[in-house]
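[1] no sequence for this one, just the structure:
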C-alpha cells in the first residue's frame, strides 16, 4: 500500500477506463468483405477506445491503421488498402500460423495488459501451421481476446477449419450480421 499516506488523485480526471483495441484480421477473399465491414464499424466507434490499431494478414501481416484516419473517404481507404498493404506473398490463401508468427515478431508490443485483442477470420488455415503457442502467449498478455468468425457455426471444423483449436485459446463467436457485430463491439468497450 501507500504506507497509510493518502494518495493524491484529485488532479487526474476520473475517466472510465477505455481499453486499447488491436484488431488482427484475415483479408483473404473468403472473408475480405466481413473484414472491411468490421474495420469500418470499429473505426466508426473508435471513441469507445483509448487507441485503435488494425493489422491485416493473408500470408504476411501489415499494419493498416493509417488507412482509417478520421475523415478519410471509405471507398478510397479500401482501394488504397488493397493496392498498398503488404499482405500477399504467393498463394493468396490465408496462412494463419505464418501471419500470427509475423505479427508477434513485428508488432507484438502492440498487445499489452491494456489491450483488447480482436481477431477476425474464418480460421481456415489451408492445412498450414497454426502457431498455437505464439497465439497463446499473445492472449495471455492481453487484457481480453476474442475471435469473430463470419462462418456459420455449423461449418466450423469442417475441411481445413481450425476453429475449435483456435477457439480453445481465444473465445470464438459466430458473427454474420450487423446486429451481432454492433452488439459485440459495444460489449467490448
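    Everything's here; your move. Since we're looking at a predicted model, the values are computed, not measured.

[2] in which helix or strand does residue 112 reside?
    Counting by DSSP states H and E, residue 112 is held by no secondary-structure element, helix or strand.

[3] distance check, the nearest residue to it once chain neighbours are set aside against residue 166.
    Once flanking residues are discounted, residue 112 sits nearest to residue 141: 6.5 Å by Cβ to Cβ, 6 or more residues apart in numbering. C-beta: built from backbone N, CA, C; applies to glycine. With distances taken as Cβ to Cβ, to the nearest Å, residue 141 is found 17 Å from residue 166.

[4] next one: residue 22
    As for residue 22, its distance to residue 166 is 16 Å (criterion: Cβ to Cβ).

[5] just residue 72 next, same as before
    31 Å.

[6] comparing these two, which shows the higher neighbour count?
    residue 166 (23 against 13; other Cβ atoms under 10 Å).

[7] give me the distance between the closest residue to that one other than its chain neighbours and residue 94.
    The shortest distance from residue 166 to any non-neighbouring residue, by Cβ to Cβ, 6+ apart, is to residue 123 (5.2 Å). For residue 123, the distance to residue 94 (Cβ to Cβ) stands at 9 Å.

[8] same check on residue 171?
    Distance from residue 171 to residue 94, by Cβ to Cβ: 20 Å.
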